[in-house]
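>>> mind looking at a prediction? Sequence and model below.
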Amino acid sequence: MTARGRLPVVYLPEVDERLSSWAARMASFYAMTVSEFVAALGLQGHDVYDLEWRFSEGQGALITARTGLSPEAVQAMTFRKLGAEARMMIARKNRFPCPLSLFPN
């Protein structure tokens, strides 16, 4: 799949869904890896987790052009409202619940 034209099927992002989660759902639909899907958006070589934190206006325009999602919907899937100091608190890989929170009070 090349990065031309609009994708025929685009899932709407869920409320508070992050770009990485949405891209994983879309990649699965198109039988691609997430990296392949990001490349199909015209962003080859970019890490979806890095895009989740910050992308340029041009990169956002590529996503909106390929998906038909509004710029606001694409921005809503990012951490743009969080400060840089919060980045270290966001897990990129497997997440495990705190063992102390498994037990009710």
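Happy to help now that I have it.

>>> pLDDT at Val34, what is it?
Note for Val34: predicted pLDDT of 96.

>>> how close does the nearest residue to it once chain neighbours are set aside get to Arg80?
The spatial neighbour of Val34 that comes closest, neighbours along the chain excluded (CB to CB, 6 or more residues apart in numbering), is Ala27 at 4.8 Å. All C-beta spots, glycine's among them, are computed from the backbone N, C-alpha and C. Distance of Ala27 to Arg80, computed by CB to CB, to the nearest Å: 22 Å.

>>> which one's more surrounded, the two?
With neighbours defined as other CB atoms under 10 Å, Ala27 and Arg80 compare such that Ala27 has more, 18 against 11.

>>> touching, that one and Ala39? I think so.
No - Ala27 is beyond contact range of Ala39, at 10.3 Å (criterion: CB atoms under 8 Å).

>>> where in the protein is pLDDT low?
Low-confidence segments of the chain (pLDDT under 70): 1-3, 81-105.

>>> go again with 90.
In the predicted model, the chain carries pLDDT under 90 at residues 1-5, 16, 49-50, 52-57, 78-105.

>>> which residue ends up closest to the midpoint of it in space?
Leu19 (1.5 Å; CA atoms, centre = their mean).

>>> which residues touch the closest residue to Ser20 other than its chain neighbours?
Once flanking residues are discounted, Ser20 sits nearest to Val48: 4.8 Å by CB to CB, 6+ apart. By CB atoms under 8 Å, 6 or more residues apart in numbering, Val48 lies in contact with Leu19, Ser20, Ala23, Val34, Ser35, Val38.

>>> what does Ala76 give?
Pro13.

>>> separation between it and Gly5?
Ala76 sits 24 Å away from Gly5, going by CB to CB.

>>> again, but for Glu14
25 Å.

>>> go on, Phe37?
For Phe37 relative to Gly5 (CB to CB), the value is 15 Å.

>>> who's more crowded, those two?
Legend: neighbour count by other CB under 10 Å for Phe37 and Gly5, higher for Phe37 (23 against 9).
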